[in-house]
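Visitor: Attaching a predicted model along with its sequence, questions to come.
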Amino acid sequence: MNSNEENPASNQKTQITIKIDLDVLNYFKERASEPNAAPYQTQINNELRAVMERNGKGRIKVKKEKDEFDDLLSNKKFLKSLAKEIKKLL
């Protein structure tokens, strides 16, 4: 198995060169200097992932589907209707 098969894309790190406004970089470096804080590059990555997920990309789709099913399973009217349909089939 190669490394691409072992690790989903969200776990693979890629080195890039990017220009970021100095105040943005300083903000994340300052946050990273706080006790128990993640490194600034990790924080930037996490913020970019949050934007991606808010825009419907990435892992958020699984969560949305789960939330939709949870909503259905907590909906008593839906469950009663489903039970009626199942009884018809039996």
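Guide: Perfect, I can see it now. Residues are numbered from 1 along each chain as shown.
Visitor: For the rest of this, base every contact and every neighbour count on C-alpha atoms.
Guide: Will do.
Visitor: Break the protein down into its structural domains.
Guide: Following automatic domain parsing, one finds the domains of the chain at 18-58, 64-90.
Visitor: Low-confidence bits of this protein, can you list those?
Guide: Regions of the chain meeting the criterion pLDDT under 70 cover residues 1-10, 58-66.
Visitor: ranges for the helices of it?
Guide: Ranges of helices within the chain are 3-6, 22-32, 40-54, 60-73, 76-89, based on DSSP state H.
Visitor: Which of the domains of the chain sits closest to Q12?
Guide: domain 18-58 (11.9 Å; Cα to Cα).
Visitor: In a markdown table, list the helices of the chain along with mean neighbour count and distance to Q12.
Guide: Listed next are the helices of the chain as a markdown table, based on neighbours: other Cα atoms under 10 Å; distance: least, Cα to Cα, whole Å:
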| stretch | mean neighbour count | distance to Q12 |
| --- | --- | --- |
| helix 3-6 | 9 | 8 |
| helix 22-32 | 13 | 22 |
| helix 40-54 | 14 | 12 |
| helix 60-73 | 12 | 18 |
| helix 76-89 | 11 | 41 |
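Visitor: T14: which of those is closest?
Guide: Closest of the helices of the chain to T14 is helix 40-54, at 11.2 Å (criterion: Cα to Cα).
Visitor: the inter-axis angle of the closest one versus helix 22-32?
Guide: If you take axes from the mean of the first three to the mean of the last three Cα atoms, to 10 degrees, helix 40-54 sits at 110 degrees to helix 22-32.
Visitor: Make 13 the first number, not 1, from now on.
Guide: Let's use 13 as the start, then, which means that last one is helix 52-66.
Visitor: so what secondary structure elements neighbour helix 52-66?
Guide: Applying 3 or more Cα pairs under 8 Å, 6 or more residues apart in numbering; DSSP states H and E, one finds that helix 52-66 contacts helix 34-44.
Visitor: name the helices or strands packed onto the helix it packs on?
Guide: Helix 34-44 packs on helix 52-66, going by 3+ Cα pairs under 8 Å, 6+ apart.
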